[in-house]
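Student: This is a predicted model, with the sequence first.
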Amino acid sequence: MTNFAVIIMLEEEQKDGLWLFFFHLVNVSGINAFVIHKANTDKGITHIRRIFLKQLAAALVTDHQKRRIQLRAVPTTTKKRLREVHDVDETVQQSTAKRGRCSSCPRKNDKKLTSKCFKCHKFICQQHSRVYCVGCRTEESADETD
């Protein structure tokens, strides 16, 4: 065996060891949480550790999953599934950014704007947008449905 192969094997064992340590830590934490839960709840109820650990895991990831629904980088299929699991309505969140670059202009133009598209809420400059009054806008949408 060459020295290079030995180094690779040692690195793999080290990674495996880190994972083993991590899962051992999670296991010990779960046991401690279960013991505390048993001590704090009714003595007459029989507890099953497996069910408790499932409930604990679900409680720990719920907040993270709800935050992922708001992220733009998460695929829409994942967002849809998370909304179904957590019974969250699909609402468009207003961006906290007050100014941004036009999404249609090249980045080198670096146009900073405050106006956004009504539908997708992306920043858009005057060159790439149209302004309609309410009457014309309703007429245009009626023409599209015909």
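Tutor: Received the coordinates, thanks.
Student: correct me, but residue 33 touches residue 56?
Tutor: Yes: using CB atoms under 8 Å as the test, residue 33 is close enough to residue 56 to be in contact (6.0 Å). Yep, even glycine has a C-beta here, placed from its N, CA and C like the rest.
Student: okay, which residue is most central for the protein?
Tutor: Nearest residue to the geometric centre of the chain (CA atoms, centre = their mean): residue 68, 1.5 Å.
Student: so it is in which element?
Tutor: According to DSSP states H and E, residue 68 maps onto helix 49-70.
Student: so who does residue 33 touch?
Tutor: Listed by CB atoms under 8 Å, 6 or more residues apart in numbering, the contact set of residue 33 reads 52, 56.
Student: relative orientation of the helix or strand encompassing it and helix 49-70 in degrees?
Tutor: Element membership of residue 33 [criterion: DSSP H and E] is helix 3-40. Here helix 3-40 points in a direction 110 degrees away from that of helix 49-70 (axes from the mean of the first three to the mean of the last three CA atoms, to 10 degrees).
Student: can you start the count at 36 instead of 1 from here on
Tutor: Taking 36 as the first residue, the last one we looked at is helix 38-75.
Student: Report the separation between the nearest residue to residue 157 once chain neighbours are set aside and residue 50.
Tutor: Counting by CB to CB, 6 or more residues apart in numbering, the nearest residue to residue 157 once its immediate chain neighbours are dropped is residue 138, at 4.1 Å. Between residue 138 and residue 50 the computed distance is 41 Å (CB to CB, to the nearest Å).
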